[in-house]
Each structure stands twice: as C-alpha cells, then as structure tokens.
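Peer 1: The sequence and its predicted three-dimensional model are supplied below.
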Amino acid sequence: MADQIPQPRPGTLAQVTTLPELLRWRVGATPAAEAYRHFDASVGRWISQSWQEINAEFEIWRWALAAEGFAPGERVAILMPNGTAHIAMDQAALSRGLVPVPMHAVDNPDSIAYILADSGAQFLFVDTLQRWQAIVAAGQPLDHLRRVICADTSGRATPDARVIALDRWLAAAPGATAPMADVTVKPDDLAAIVYTSGTTGRPKGVMLSHRNVVANVKAIAQRIAAAPDDVFLSFLPLSHTFERTGGYYYPIAAGACVAYARSVPLLSEDLRHVRPTVLVSVPRIYERISALIMQHRAAAGAVERALLDLTLTVGNRRFDARQGRGRLSPLDRLIWPLLKRLVADKVLAQLGGRLRVAVSGGAPIAEPVIRLFLALGLDILQGYGMTETSPVVSVNTIEDNDPRSVGHVLDGVEVRLGENDELLVRGPSVMLGYWNKPDETRRVKEADGWLHTGDQARIENGRITITGRLKDILVTSTGEKTAPVDLETAILADPLFEQALVIGEQRPFLAALVVLNAKAWVQEKERLAAAGEQGGAAERAALLARIAAAVKAYPSYATPRAVWWTLDPWTIGAGLLTPTLKNKRPALERRFAAEIEQIYAKKPPSVHEARGG
C-alpha cells in the first residue's frame, strides 16, 4: 500500500472505490463549480472556493503531512470544529493512506485523552494550545503522539517540541507547488476510526473502510439525488458519522456546495444568509425550531393563532394527499396558496426560505414535530442508521414519506428481524469491527456479516419502523417494561421541555427529570397565577399534566407520576451529555442521586391524577 504512483481519475461515480478517488473524480468533473463556503471573520464576509481551488489548498496539507514520515495505517486524530481546515487534514490523511480519527470538538479533555490513547494516534490536529494543555492535564500518558498541530497558539510558546502552530507547519511544507501522487489506497483499507458517543460507558472505535463509506455514499445518491446547484449548511460535528457521510462525502459525490455554519448560536443567522437548499440535522434542531413556533403561537393574537392552526390543518391534509393517503378538497386547494403566502412561507423564511429537503437522523424525532414541518411544506425525511453502518441503513423519500417510519432500506443493504424483533443489518457499509475489541465485535457482528443493531423494529412491505431498544428498557418493581427514550422524545415535543430523563428501574413507578425552557416556564407560571394556582404543588401538577398529555399514546403505566425540574441545562462539559447531545443516563442518575431519592421517598399521585384526569 506504500507505493506512491499517480492514480488515474475514475470516469464515473460508479467506478469510485476509495475516498481519495472520490475527490479526484469530483475535481476533474466540475473544477470550476463552487465547492465550499465559509465566513472569513477577518474580512467580515462569506468566501467561496471552487473544487479546483480547494484541491490546490489541500495539496499544501498533503505535502506537509507527507514530510512527517508516517507509515500508511497510522492514525491522525482531528479535534477541530467544522470547516475547511478539518476536511483539509482529513483529505491529506486519506491521500497518504493514514487513518483519520475524528473527535468531537466539544468533548471533555478526559474523553479526548482516552480516545487518543485507545487509537494509538501518532498525530493530533487541535484547535487551540489551551485545548491541548487541558488534554495533557487529564493525566493520560500520550507518549505515542509524535506531532501536535495547533490551529491557534495565540503566539504562546510551549516547551513541548511536538507542538507547532499550523501556519508554521504549512509554511515548512516541501515541494508544495507540485502535485503529489497519492499513496495507493485499497477499498478494504481503513478510512476512519469513528468513536461512538458512549452513552453508557467508554466510547468504542468503529473501524470503517473505504469500501464501507463509498458504498454508503453511492446508495444515498441513488435514494436522495442532490444536484450541483444544491447548497448544504453544515453544523453537525464532522466527528459524527451522520454528518461525515451525509454532509461531507456525499456532497462531493453530488458536486454540491457545503457552507460551514459559524456556530450553533449563530445558526439562525447563517440559515437566513446562506439560504441552504438541503439540511442534514439531528432531531434536536427541528425540536427547537418547532418549540419557537409554538411559543410564538401561544403569545400571538387570536387571528394569527387561528391562521397558523388552519395552515397546519390544511397543510397536513395536503401532505397526506400528496402521499396518496388522503384527498384534498376543492376548498383546501383554493385557500392553500393564500395560507402559504401569509403563514408557511414566513415561517420557513427563518430557515432561509429555499429548503427543498431536510433529513433527520441520529435519534428518533417526535411525530408532532415532523408533522408540523411537513404541514408547512418542508419535506423532512426521517432515516435510520448507526456509526457501525457508515451510517445510513434506510431513509424516506420525498415521493414516499411516512413520518412514522424510517423508510425503505437502501439498495445493496439487507435487513431482517432476529430474536425479540431485533433489527439485523448486512451489507457493504457494515463496519469491519471495533478497534482493538475483537470480543465486542463478535458480540454484535456474526461471522456471516449480520450486524445486531440493538434496536427493535417492524418491517412491513420493506418499510422499517423502529419500535424500541433492547438495552434501553426500564423495568419497574411491578414488572412493567418501558422504553425511556421513546417517552423522552414524546416529552420533548412540548416546547416547555428542553431536556428530559425518564427513570424508574426497579422502582414502583416512573418519574421524569426535566430541564425547562425559561421563557415558556415564565408564561406557564403566569397562566397558573391567573387561574389562582401558585406554589410548588400547583407547578408540579401542571408539569405532570403536560408530561401526561405528551405521553398519552403510551400505556398508563408509562406515564411518569413524579417530576423534578430545573432551568440549568445539562451539558457536555459537565459529562451529562454525549457530544451528539444524547443523555448519559448513568452520569445523570449519579449527578441527581439525591433528587431521585427524594422523588421516591414521597407518595406519587395516582395515574389518573398524573394524566391530568
């Protein structure tokens, strides 16, 4: 694999077998088309780069990395926010036959140090010297690291000879004016070690080959056809396989432009400025936007509220009719253009006004949330996948969209149900295994290639519906079994709740720990005061009633009968969330152990009372 010879450019996407080939093919196919867009703070404006221009920039990185003398197969850890610097290092590593280890830019130092040690990374690209010093302070031996590149050292020196500023490292690159031949990379070589979020323990390194990722990119391209004039807005971390495949490699295949958002706090502004046509996101972003819409509805006057409600009602009938699941009346057809102009277009303008498709994945999305956007005319497509499948297994399409399901399986991928209705997956995008964990690999991947997902499903006419999670089941002391993630997703559809954790393992009833939206909570307390209901008991009853309403579709025993609330959000830095914003259940239960004991020391309301009856 170490031979350095010029590599021919594939003639078509079908001929691409590795990620370096994918980029070469794209640069050759549309060299002058816009590839990337980013905000340059030094000049205060967005800067565009063509495929030819970005590849010339990557060339400098390839030469700089080649000068380090790493052998093919060695690991290059990338701890950077989204942007062209991140992908430049990724592409440089791939072209040298090295293995990128993308890490979450918001992860805590202890977790980062663990991943560096576990992967045996020889090289680290990190955003700041301060971040590097925090990693060192975690106390994990990192002697295997031979080079640390800091994007920003703020002019500070360090006695560690391994550390060098990015600008100095690139400036020293030899021969950077001449094209460099890629190291020969084979389809079954490692393309990345992507670490899982670690909701219940230490993260595991998922080994993905070039064949895995390229197969998934090709299958996505057959299912959802992005065009060269499409614009993606990238804000999910590039360490997340969902963004890595769907928002980075797939746009290369499609020839579409990727604009990198400045930050999540500036996301609303970037949406309006960039005006993307495609959005790839986890449900939390859609949930937050939905919550803002419903908060606005609550504060609106009677006429504006009635207009929104009518728009959603007609919009839902229009969506169902488009999917062949209903009929649109002549009156609906007549008034929709007016409702679209007065309401739907104004709401969707907050997302830029040009979105033609949005994809939701990474976690379940509540049906009321997805139905709201579908009613407004935005096609949100829910899909399913995991890091171990590169990641997409199935996804809905604009023409065949059932928001209750995660769509049909991608071409080339097989699925079947195993014991306890567990979804099993087999195909070219299934991982090679877990890094340095052969026993864990054998536990989830059978010798004939079938991967155990741990998710329970139903398959009807080729359409997959996820029904639960085998491991994430709470069993109360009364023997009732409940999937807490499903309840948490339902609760978060109410804009009052920002975060939720349902507990009750070996307890007599379920309870909920929730983080409230501060603005919505003020409005709720004002409503209670106007009704003459004040104090902790009234507030607790109101919260339980709203939670009960949110989970009314579930059995009565699944209704949380006690609640504890706070306005202080759970954060990644505090070790309470994974970098992909999933609850770290054990950590949360440890952090709020005293509060949980207080909950169960009290007599809960009856199920009838908890449901607001």
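Peer 2: Structure received.
Peer 1: The residue in the chain sticking out farthest from the centre: what secondary structure?
Peer 2: The centre of the chain is farthest from one residue, G532, which by CA atoms, centre = their mean lies 43.0 Å away. Using DSSP: H, G, I helix; E, B strand; the rest coil, the structure places G532 in coil.
Peer 1: Also V194?
Peer 2: Counting by three-state DSSP, the backbone at V194 sits in strand.
Peer 1: hang on, the earlier thing: who's in contact with the residue farthest from the centre of the chain?
Peer 2: The contact partners of G532, by CB atoms under 8 Å, 6 or more residues apart in numbering, come to none. Where C-beta positions appear, they are placed from N, C-alpha and C, glycine not excepted.
Peer 1: 10 Å instead, please
Peer 2: Residues counted as contacts of G532 (CB atoms under 10 Å, 6 or more residues apart in numbering) are A538.
Peer 1: Give me the pLDDT for it.
Peer 2: Each residue has a pLDDT score; the one for G532 is 86.
Peer 1: With R327 instead?
Peer 2: 91.
Peer 1: Check which helix or strand it maps to.
Peer 2: R327 belongs to no helix or strand when assigned by DSSP states H and E.
Peer 1: in which helix or strand would I find the closest residue to it other than its chain neighbours?
Peer 2: Nearest in space to R327, with sequence neighbours left out and distances taken as CB to CB, 6 or more residues apart in numbering, is A321 at 5.7 Å. A321 belongs to helix 302-322 when elements are defined using DSSP H and E.
Peer 1: Alpha carbons only: can I get stretch 365-374 in CSV?
Peer 2: Extracted C-alpha coordinates of stretch 365-374, given in CSV (Å, rounded to 0.1, in the frame of the first residue of the first chain):
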residue,chain,number,x,y,z
ILE,A,365,-38.0,12.5,16.1
ALA,A,366,-41.4,13.0,17.6
GLU,A,367,-44.2,12.7,15.1
PRO,A,368,-45.9,16.1,16.1
VAL,A,369,-42.6,17.9,15.4
ILE,A,370,-42.0,16.3,11.9
ARG,A,371,-45.7,16.7,11.0
LEU,A,372,-45.5,20.5,11.8
PHE,A,373,-42.8,21.0,9.2
LEU,A,374,-44.5,18.7,6.6
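Peer 1: quick one, strands of the stretch 151-300 of the chain?
Peer 2: Ranges of strands in the stretch 151-300 of the chain, per DSSP state E, counting those that start in this stretch, are 163-165, 190-195, 205-209, 231-234, 257-260, 278-281.
Peer 1: likewise the stretch 501-613 of the chain?
Peer 2: Assigned by DSSP E, counting those that start in this stretch, the stretch 501-613 of the chain shows strands spanning 511-516, 563-566.
Peer 1: A56: what secondary structure?
Peer 2: State at A56, reduced to three classes by three-state DSSP: helix.
Peer 1: was I right about it contacting V27?
Peer 2: Yes: using CB atoms under 10 Å, A56 makes contact with V27 at a distance of 9.4 Å.
Peer 1: Which one of the two is surrounded by more residues?
Peer 2: Neighbour count, other CB atoms under 10 Å: between A56 and V27, V27 has more, with 21 against 15.
Peer 1: Among the strands of the stretch 501-613 of the chain, show me which one is buried the most.
Peer 2: Comparing these by mean neighbour count (mean count of other CB atoms under 10 Å), strand 511-516 comes out on top with a mean of 22.
Peer 1: Run me through the strand neighbours of that strand, direction for each.
Peer 2: Strand 511-516 has the following sheet partners, assigned by DSSP bridges: strand 497-503 (antiparallel), strand 563-566 (parallel).
Peer 1: returning to that earlier point: just name the most buried of the strands of the stretch 151-300 of the chain.
Peer 2: strand 190-195 (a mean of 26).
Peer 1: chain center to that strand, what's the gap?
Peer 2: 17 Å (CA atoms, centre = their mean, to the nearest Å).
Peer 1: Mind listing the strands that strand pairs with, and their directions?
Peer 2: Applying DSSP bridges, strand 190-195 is found paired with strand 205-209 (antiparallel).
Peer 1: Can you pull out the low-pLDDT segments for the stretch 401-550 of the chain?
Peer 2: Scanning the stretch 401-550 of the chain for pLDDT under 70 picks out no residues.
Peer 1: Who is the residue nearest to V99 when sequence neighbours are not counted paired with across the strands?
Peer 2: Of all residues not flanking V99 in the chain, L190 sits nearest, at 4.5 Å (CB to CB, 6+ apart). Counting by DSSP bridges, L190 is bridged to S209.
Peer 1: Just send the strands of the stretch 501-613 of the chain back as a markdown table, with distance to T17 too.
Peer 2: Formatted as a markdown table, those follow (distance: least, CB to CB, whole Å):
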| stretch | distance to T17 |
| --- | --- |
| strand 511-516 | 46 |
| strand 563-566 | 51 |
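Peer 1: Between the ones you listed, which one is closest to A92.
Peer 2: strand 511-516 (40.7 Å; CB to CB).
Peer 1: on that earlier part again, so what sits against both of A56 and V27?
Peer 2: Common neighbours of A56 and V27 (CB under 10 Å, 6+ apart) are S50.
Peer 1: Columns mean pLDDT on top of the strands of the stretch 151-300 of the chain, output as a markdown table?
Peer 2: A markdown table is the format used below for the strands of the stretch 151-300 of the chain (pLDDT from 0 to 100):
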| stretch | mean pLDDT |
| --- | --- |
| strand 163-165 | 95 |
| strand 190-195 | 97 |
| strand 205-209 | 97 |
| strand 231-234 | 97 |
| strand 257-260 | 98 |
| strand 278-281 | 95 |
